[in-house]
Every structure is written in structure tokens, then in C-alpha cells.
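Chemist: Turn this into a structure:
(chains A and B)
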Amino acid sequence: MNDMSTNHSNLSGKKQSQRLAAARLNFSRRHFLRGMGACIALPALQSLLPARSLAALATSAAPGNLATTSTGAPLRTAFLYFPNGAIPSAWWPTGEEKDFQLNHTMQPLDPLREHIQIIGGLDHRNAMPGTDGAGDHARANGTFLTGVRVKKSATDIHAGISIDQAIAREVGHLTRLPSLELTCDAGRNTGSCDSGYACAYQYNMSWSSPTTPMTPEANPRQVFERLFGAGAPGERTLELKRRRAEERSILDFAMEDARDMQHRLDTHDRDKLDQYLTGVRELELRIQRTEKMGDPKDPARETPAGIPATYGEHIELMSDILLLAFQTDSTRVATLLLAHDGSNRSFAEIGIPEGHHDLSHHFGNEEKIKKIRDIDVWYVQQVARFLEKLRDTKDVDGNSLLHNSMILYGSGNADGNRHTHVNLPIILAGGGGGTLSPGRFVQQGAKPASNLFLSLADRMGLHDLPRFGDSTDRLANI
Amino acid sequence: MGLNRTIYIWLLTVLVSVSPAAHSAELAGAEDFRQHIRPILENYCFDCHAGGENKGKVAFDQFTNDQAMLENRDLWWHAFKNLRAGLMPPQKKPQPTAAEKLVVEAWIKQSVFNADPQNPDPGRVTIRRLNRAEYHNTIHDLLGVDYDTANAFPPDDTGGGFDDIGDVLTLPPMLLEKYVVAANQIVREAVPTVSKVMPEKLLVGREFLGGGVATTNRAGRPYPRALTLSYYKPAAVSNDFTADIAGKYQVDVSVMAIGKPLGDVSDSNRCRLIFGVDDAELLHNEYAGENGRPYHYHYEPDLTAGDHRLAFELQPLTPDQPPANALAMQIISVKISGPMAREHWVQPKDYKIYFPRKVPAAAAERRDYAREILAGFARRAFRRPPEAVTLDRLVKLAESVYQQPGKTFEAGVAQGMVAILSSPRFLFLDERVDPTNAPAGKFPYIDEFSLASRLSYLLWSSMPDEELLHLAETGRLRQNLKPQVARMLKDRRSEGFVKDFTGQWLRARDIETIPIDPRVVLKREGKSDPALDDNSMPSEIRTAMRQETEQCFDYVLRNDRSLLELLDADYTFLNGPLARHYGIPDVSGQKMRLVHLPADSPRGGILTQGTVLGVTSNPTRTSPVKRGLFILDNILGTPPPPPPPDIPPLEDAAKSIPGHTPSLRETLAAHRDSPLCSSCHSRMDPLGLALENFNAMGMWRDQEFNQTIDATGSLVTGESFTNIHEMKAILVKNHAQDFYTTLTEKLLTYALGRGLDYNDVETVDQIVARIETSDGRAQSLITGVIESAAFQRTRPAGGSEPVAPAKTRLRAEK
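Modeler: Residues are numbered from 1 along each chain as shown, chains lettered A, B, ... in the order given. Sure, this is the predicted structure:
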């Protein structure tokens, strides 16, 4: 524990990152733990396969095949968000549906082209100004997975349930954690957020109800310990058990006492106590599920020290943990906010010291456009690395994790310069357990992005969801 | 501006008395409108906002009936703010007289907002959970544990600029899980679960003398004080330990092999480490280079009564190898526990704090003792005495643990404490109406426990202490408010307020983390600075900047100086590095201190502090627009509406300037020519451009890209200035009331934990009047907020609208 953080504190600055880059060349990706525990390796496969056998999985599959592939393997879905849109002219491929040429920005995805589907023509009209005026970043972010028009207010937040949570509500009971919410926005600026919108819209993309954002976790150590327990490899299962016993011991008290307290409150305050009670119930359910399903296999890797020094390492570490969570069937639903829309992060590591958001309003300046394009490519590189690892990891049924997943990568802004929310940059990766037809560039015409969500929900086994957000129909041909 | 309250009230009375008797309050308001208000609006506003004109989507004649007009509070609030700020009518149009403005303001407050100066609407605060900072401080004051909430909990959402707003502080399941984990960890760290332990003595590395380098092992909490011995140099260090009683002891040695990587070179040096007690060698081991690997060794020597020498010796084993990586052995600590025989065991540290007496044997007595301890702890943790039913549950829980075989009484009580820290009564600020003190015809007071918490979370960002709780219990807090506030401000804990409030109001927190690229920033001025030649501004400068802002605010607050010194002052707080950064001579050393500035110094006041200048810049350049917006938002309180969706590119504006590459000032000027942009940018840009002499790192500069910086300008309210000195002077002279109002709104928001609305206009006005009467004294702001109806009272549960509309009562009196 302590030694890990010492290492980490030593690993800052230019020299270290050069050293890391050199190290990267010398070790194979599977050789893990490069950068002194900054990143988790892909563990040896067999050791992490879920405890249940495939046959057991297939027979225990919930009615309607909830979050389960036809072979009986778990079906997962994840939503990854990148901020401020992408330069459209460098994003969109050219050519035909199957015979397409990747454009500049998507070059890092070339080795994965048979696993990805580039979808054109998806819109989020509820992110457009309408009568709400400015605040496109807050709306881009807040609408992205909810499909609704978020309420313009600095304190009175109101969005809608997000698609990941709508799915988790139905399939969450199948895994220890109903869903996992992650972010790589380590810090937050204080003060007001975008143009009169509450900050909650920008720093959360997952909402379990219109008024409850599912705060994402930024610290890899915290996520790791939540999934696999604290302590050194080998000690964690015991620690998880102890933690569970501690949690269980106060559940009854917490529930009864909160109910007592709630009686005295008025409606608005009662909502807040409801969040508390929901949390207690969720905790109780999680304990019950874990006891039924058993603890996850200890990944036998060092616990991450904390938030790594560089953004790239942070993203890699978070996506590694996400992969582990999928691989160990700890959850089947996840969101990863790479950075909130409007993020003004500086990309000094790739020679772009200016802020991302500031640059994104390039107003036609060629130099700025080039820099934004470089940032767009950089983000695609991060997701490509994650997808490659998913492709190279075998699932219980012998297929790859990528085959048994639906990974959406996108932004709620199309053209960051003009704040447009139509023809959003969206890539759907993975095979959906054989239900998706990747390896294509599909022009869907102008359709709500919510239509796609509805179709993903179908595949997760939510057949009777009549509509979602501003959906008008299901999205065919995906 | 600046008309005093007497005239104001007089106007209100005139307005009311000249109106003919009316059948209802609503009609009266409408009648007043027709007689007194409409004629004024016709003269000054209707050109643009009536008769088919609705500039800015505002039309005063859009209403089909009186009721609709009076109920459109958003429109009138908008009009009220613009009128008061002098933004409407625009400067180039005919202006209403001061009296006319006041009549309109008074009518809006009275007839539209239903404001009652005798009984202002206190609003209602949504029950809110503690934020990260408050949780940390509360746990610290409750149990002495320094729980790292910044790492353990996710950041809190903010609303209206602050992170203590009940409406936006949500509690997702993940956070509840973390609260339960935290409660267990905290109680485990603080509360002993046995009555006797082996005595122990901890010797940290630095207490071993004779060589090595004292180091701070940042990761090694709670024993950070290590001693570092190099692999390349022989060393022998030792310390003495006195055993009072002879017997078997436990000795636990913690060391860590470290090696700071220097480039890509590997280092194969090795060393031998020997540890012994007196003549007995206990450890004798060889070590290769490791980057931070801990080693723990456990021994059980027999010791005689008397002094013993504990000694480490480090022997280099590879004198011929080049030392490439600064390999070293860190002596973290040596812990000696014993004697191991139980009869010599002692009470754990802090035992008496939680368990003042011996644990009784009989079941009923044990139950009573558990109840007594848990009641006392719950009272402090819940910030009010626990209800009997809650206490019953807690005792039952404790009992269910300590009745198990092998579990101690203490462990059972500790479990009760975990439950207390997991309870919503601890996690949420649970406010109640005072049942005993309900003045007729007025909004009810919050009870004194609620008041104690409002005070402590405002002034300390933490829980009420014993004195506050005791006063609340005896119903004497309200009557002792003044001395209590004075006491609380004197207490060190009030640093929590200064830090949290300035950190958010002025965004001083953010300076520690915002991206800045010094090389690119300086290049614009054709400069470079080896001290800054890295890809980020040094953290010592950033921290000093944050402290400068905090300490200036702290100084004004504690010495009850004029709040206007926050805008312009002949002093600031600096240390050597920050003074050098600012170009101020004769300040050296790391310690921040009060510095009287040279007469011509542009520093002094928050606008020219590194925090404000930095957080309103982009990573590579200044942003006059962001700076202007910051001043409008946080100083003058007149934020412009957000930009329209289709913004014409700045470059379009630049193209209209032929002949040369335009400066930022010229580009912005051309941009302002567009009517769509001018209404807001003519307010923001001059304020921001006045600060162009300060770069994105807050350093002074005379030119950018070889063009001399022009900091002249004029405010939208008409005043012209030629430099930052003059602009600050104008703000102080002409805009003090705007500043007081803005600061009051910010502090009230922070103090209440809710956003403000039109119902709060009366409360804010009353506080501002107090500040003005006291010539801007800082503590009049604090006491004004604390004594305000909004802070002292509440709208009762279920009441969404204020009781007893003001206007009706005024009329009834006539």
C-alpha cells in the first residue's frame, strides 16, 4: 500500500514519462505493471474466469436472456464519453458501408475495423439550445445518455434516467454490482458551471432517476478495492468478507432510523432521505447477491496506487479495471466519462499546451484545427487500446470479451466549434454476442441517438421498454 | 445608487398612501402600477419593450390581465436587477431620476415580490448532507481522526458556485457504501475495543542518531518521519530504550528499500543492514536496489530492566559499482511492545476518552453504561440529543455484539458508534423549527440546535463544539449570539471558513490545479524564465497565490476592516517566491506575511492577485472576456446573459481590420461592433482589458507580441479609466453598493446552503444597508448574515409561499 504510493510520487515529470515510454517498448502488454503499478496487467485468463461454469450460466440465464448471449456468456455494455466533439471532416470515413476508408482521426482503429461500427446520422436534438439559450456543454453531457432536455437551473437539477441505469435496473441483479460509473476527471473547478446549468450535468453522465446522478469514481484505487477488496493480493477476499460483515451489521439500524427521521420531513427533504434509503437497500442487495454468487477471484495484482501522474495512464488504468470488472462478471453495465464536455484540459504531453475547449472554438484557424484533430486522434488511441485488450481477452464461451460486449464511444457535441448536436460522432464497438454487425460504416439518416439506446437495451434483454428519452423507434441495421 | 434607507422607506410609504383604497392586494398592486409605475416605464422603457417591441424578449405590455402581470416574477426580477445595476435603460438613452428608479424598485419589491421588511421571507433550506470538507472537519473534531475524504469520497457537485447546496448534494448508492466503509475505518482507528493492551513505544526513524538523512516518508502515514541511509556509504545509528520491567518484549522493525530512478540506468549496488539490541544481532540481511519495497521484521527478545541500545548498521557491499540510482534504506520505525505478560498490560491510549469508567459486570449495568456512552457520542455526532427510540436501537445493537462470545463490551459500543456515523442524522444537517419560540405573525425560528449547526458549519466548516451545544440545550444561544460569533471567529477553526469561502467565491482553490504553460505564456512577451521553464507553473507559487487571497480576506475579516480593501488596498500578503514572481522587491523567505506595497504598485486587492488572474486565463494566454465575466459575476453581481447559440467568429471581426494583424483588443473591439455581441461584450471586455498588463500567470507585462498594452477603457456605466489603478478606484468609489450586494448574496448562499431567489431581495437589501451604515466593516457582513431572517428562521414545512403577504398588512394599517 504505502510502498505503492511512494513509487507513484516518485514517478512524475518528463523524465519519468520518457522512461515509461521506453519501458513500454520493452515489455509486452501482458507483462503488466509498467510504470510501477500505474497500470494493471491483463491477468492470466483462466485464473479469472467466473466461478460458475458456462453450462450453469446457460441454464441459470434469466428469463428473456437478460444480459446473456446466445452461448450463455454474459453480455456487457459500456458507454465511453469524450468531450467537445471531433473535427467532422477528419472524423467521418469515406466510401461504402462495408468498403469504407477510415479518415484521419480513426486511424488508430484500423486494426479493429472488423469490430467497430461507425454510425452516422444520430442526433441529440434535446441538447440543442431551443429556448434555453447557451449551455451546450452542459446539455451535451447531460443529454448524452438520458436523451432528455435537462432543466436549466444552477440548483434545481432535473435530467432523466440514463440508458445505462435503465438497463442496470433490469439486469443489475445478475452481478455483484448493478453498474459501474467511472470518470477520468480527477479534479473539478469550483464555481459555476456552464451558463447557468448545475455542474451535476457535466460531471455525471449516469442518472438513476431524474434527480439522482450516479457520481462516477475517479480514483482507480477506490474502484479496484470496491471490486476486489483492499490489501495485498491474497488478502482481499478476507477483507471483502470483513467489509461485508461490517456493512451488514448496521443495515437494520440505518433503515429503521432513516424511516423514523423521514416521517418528520416535508416532500422535498423526503426525496433526499429516499436517496439514503435507496443506498441502504442497494447495499443490502449487493451483500445478498455477493453471498449467493461468491466473491470475485482475486486478480492477483498489485492494487493501483491512486490517480496516475499522466492522463493517458489514468485512462488506461481505468479501462483496465473496467475490463477486469467485465471479465470477472462483477458488472455488465458501465459508463466511463473520459472528460466532461467543455473540458479545458491541456495536452502538453503531446505538444498541445492550450486548453482543449479553448482550442475547440477554432473559428476556422487551421493551426487550431490541426491541434484539435491531434487531440481527437489521441482520444481514439485510448479507446483503441481498450478495445484491443477486450479483443485479446477470452470470455467463458471461448469468444473474445469484445465479441460479447457493446461498447459505445461518443460525444454529445458533434462540431465543438459551433456546438452542434446532430450527426454526433458515435462508434459502436463489439459484437453484442453476435447480435451486432460490426465492420461497417452505417449512415442512419437523421435519427435520435435514443433510438440506438433502445436497440441496445433490446439486446440486453429489456424487450418491453416502449421508448427511451426522445426515441421515435428502434434503430434497425446495427 | 447609494440612497439611504430612510428615503427608501419614505418612498414606500408615499407610494402606499397615495393609492386609492382597493378591494384586494392584487388590485392595489395593479392600481399602483397604472398610476405610478407605467408612466415611468412609458418614458424610459417602452421604446424597446412595448408596443410590439420586445428587445431581449422583454415586453411590459404583454399581459392580458393584472394578475398575470403581477405573477410574472421572473420578468420583474430581471427588470429589477437591470435597473438597479444601471444597465437599463442603456447609458445612451434618457435616464430616470434616482427617485423614479426607487419608486419602481419599491413597487416591484412590494407588489410583485410581496416583500415585508418587518418579516422577510426566510425561504426554506433543503435538508443537506455534509460535503467532503465538512465531513473531514467534523470527524476530526468528533474523534481526532484525519480521514482523507478528498481521496475516499467523490467530489461534491456544486450549484450556484458553492459545494454546500442541499438541492444539488445528492447521495448515490456508491457514496452511501463509502460512508459505511468510512464509519468502520474511523471508529476502528479511534476507539479501543479492548480494555488492556501491551504497553508499546514507537521510535520513528529520525529518532535514531548518528548519521543518515532525515526524510519525510509521505506515503508512510501515520509514521512519516523516516531516516534515510544511502547504499553507498557506511552508517551506524542508534537509540536507547528503557525497559521498566524485565521480561519478554516484541520488537517490530519497519524499513523500506528505496531508489529514486535517475534516467534509464539500472543500479546493481547492494548493501547489508544489521539491526541489534545491545550485543544481540537480530537482523543481518543483504538488499539489492528496490523502488519502495517495505520490509517488516518481528523479534521477541528477553530484556532486563534498565537501558538498552537499539542500533542499525549499514554496510555498502559493492564499493566498485557506480551509484546510479540513489539507492537507500529508509528506517521507518522500531516498535517495542511489552512486557508480553498480561499482568503488565495497560489501558490503551485514549481509552478514558471513550470509556471513562471500568466496565461493570452485571448485564443491566453494562446496558446502562453502553447507553450512557452512546447517548453522549450521539449527541455530539447528531449535533442534538438523540431521541429515545434511536438510543434504544443503538444499545440493542451494541448488546448484540458484546453478548457474542469472544467480543468485548468496548467492541459492542464501537459498533454502536459505527451505526451513529452511518446514520442520516449524522450525515445530514437535520434542521427543525423551534416549538417554544414562535412569534405571532412572523416566520418561526429554527431551533437552537439547528442554529448552532448553521453557525458552526458557516464559521468553522465543522460541527458545533461543547459550548455551542450547551447553550443550545439551555436555550441561551440566540441571546448570546454576538459573543459566540466573536468567539468562533477568534477560534482557529474559522480558517475553514476563510479557505472554503474564498476558495469558491474567488475560485482561489483552482489555482493549485489549473493548467498553465509558462513557456508559451512568456514567449508572447518575448521572454523566458529559467525558473519557470517547465511545463507547469511551480506549485510553491500556486500555493502562495492561494494563501495570498485567503490571508487578505482573513486580515480584513479579523481586523474588521473595510470590505472595500478587498477591491483596492496598499498592502497584500506575500512570501519571497511570490514577491519575486510579482516583481516586488525586498521580500524574502518562505513565510507569507503582510507587505506594504510601493505607492505605484498595481497590486493590492483581489483583482490583481495571481489567483483571480490565473483562474480566468487560458493555459497559454489571458482571456479578457473571462476576466470581465469574472468581475461581473463575482464583484459587481451583474452577470451578462450567456452568449447566443450562433456566435459570429472572432476571426470574422478581425478580417474587418485591414492592413495589419490586429491585437486582441482590436479584434474584440471589432467583435463589439456587431450589435448581437455588443450588449454583453461592452460590459465584459473593458473590465478584462484593464487587466491585460497581467499575463496568464499573474505577472506584470508592458507588451505582448511587441505591442504596448493599452489598458484604458470605460465601464458600461460611463466612467473612464486609463489604467488598473483608476479602474480599482472607480469600483471603490462608484460601485461599493454593487460589491456589497454581490458579496452578501455569495455569503448568504454559502451560509444557507441554498440558491437565492426574488424572495431574498429584501433580506439582502437589509444586510447591505447594515454594511453601508458601518462604512463597509467586514464583521457587519458576517453579523448581518447571521442575524438575518433567512439564517435565523425558516418557512415552515409544507408552506411553499410566504405567510401573510406584506402588502395586505400594510394596507390594513392605513
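
Chemist: those helices in the stretch 601-750 of chain B, which residues are they?
Modeler: B:610-615, B:624-631, B:650-655, B:664-673, B:675-689, B:724-734, B:736-752 (DSSP state H, counting those that start in this stretch).

Chemist: State the mean pLDDT of the first one.
Modeler: When the per-residue pLDDT values of helix B:610-615 are averaged, the result is 96.

Chemist: Now that helix: buried residues?
Modeler: By neighbour count with 16 or more other CB atoms under 10 Å in any protein chain shown, helix B:610-615 contains the buried residues B:610, B:611, B:612, B:613, B:614, B:615. For the C-beta atoms, the positions are set from N, CA and C on the backbone; glycine is no exception.

Chemist: Let me know the pLDDT of the nearest residue to residue A:443 once chain neighbours are set aside.
Modeler: Spatially, and ignoring its direct neighbours in sequence, residue A:443 is nearest to residue A:120 (4.5 Å; CB to CB, 6 or more residues apart in numbering or on different chains). With respect to pLDDT, residue A:120 has a value of 97.

Chemist: strands paired with the helix or strand encompassing residue A:120, and their directions?
Modeler: The secondary structure element spanning residue A:120 is strand A:116-123 (assigned by DSSP states H and E). Strand A:116-123 has the following sheet partners, assigned by DSSP bridges: strand A:426-429 (antiparallel), strand A:440-448 (parallel).

Chemist: okay, the residue nearest to residue B:710 when sequence neighbours are not counted: pLDDT?
Modeler: Nearest residue to residue B:710, sequence neighbours excluded (CB to CB, 6+ apart): residue B:665, at 6.0 Å. On the pLDDT scale, residue B:665 is placed at 82.

Chemist: separation between residue B:665 and residue B:78?
Modeler: For residue B:665, the distance to residue B:78 (CB to CB, to the nearest Å) stands at 31 Å.

Chemist: follow-up on the earlier one: distance to residue B:56 for the buried residues of helix B:610-615 - can I get that in JSON lines?
Modeler: Converted to JSON lines, the buried residues of helix B:610-615 look like this (distance: CB to CB, whole Å):
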{"residue": "B:610", "distance to residue B:56": "37"}
{"residue": "B:611", "distance to residue B:56": "33"}
{"residue": "B:612", "distance to residue B:56": "29"}
{"residue": "B:613", "distance to residue B:56": "32"}
{"residue": "B:614", "distance to residue B:56": "33"}
{"residue": "B:615", "distance to residue B:56": "30"}
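
Chemist: Kindly identify which of these also come near chain A.
Modeler: Counting by CB under 8 Å from any CB of the partner chain, residue B:615 from these sit close to chain A.

Chemist: Chain A: which of the buried residues of helix B:610-615 is nearest?
Modeler: Proximity of these to chain A (CB to the nearest CB) peaks at residue B:615, which lies at 7.8 Å.

Chemist: Show the contacting residues for that closest one.
Modeler: For residue B:615, the contacting residues are A:189, B:507, B:508, B:510, B:511, B:514, B:630, by CB atoms under 8 Å, 6 or more residues apart in numbering or on different chains.

Chemist: Need the winner for burial among the helices of the stretch 601-750 of chain B.
Modeler: Sort the helices of the stretch 601-750 of chain B by mean neighbour count, taking mean count of other CB atoms under 10 Å in any protein chain shown, and helix B:610-615 sits at the top with a mean of 25.

Chemist: Off-centre distance for that helix?
Modeler: Computed by CA atoms, centre = their mean, to the nearest Å, the separation of helix B:610-615 from the middle of its chain amounts to 17 Å.

Chemist: Put the alpha carbons of it into PDB.
Modeler: Taking Å, rounded to 0.1, in the frame of the first residue of the first chain, the C-alpha atoms of helix B:610-615 are listed here in PDB:
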ATOM      1  CA  GLY B 610      -2.400  35.600  -9.000                       C
ATOM      2  CA  THR B 611      -5.400  33.500  -8.100                       C
ATOM      3  CA  VAL B 612      -8.000  35.600  -9.900                       C
ATOM      4  CA  LEU B 613      -5.700  36.500 -12.800                       C
ATOM      5  CA  GLY B 614      -4.700  32.800 -13.300                       C
ATOM      6  CA  VAL B 615      -8.100  31.100 -13.000                       C
END
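
Chemist: My read is that residue B:553 contacts residue B:499, right?
Modeler: No. Using CB atoms under 8 Å, residue B:553 is not in contact with residue B:499; the gap is 9.4 Å.

Chemist: How about residue 344, nearest residue that isn't a chain neighbour?
Modeler: This is for chain A. residue A:355 (3.5 Å).

Chemist: please go with chain B instead
Modeler: residue B:245 (5.8 Å).

Chemist: ranges for the strands of the stretch 1-150 of chain B?
Modeler: For the stretch 1-150 of chain B, the strands defined by DSSP state E, counting those that start in this stretch cover B:128-129.
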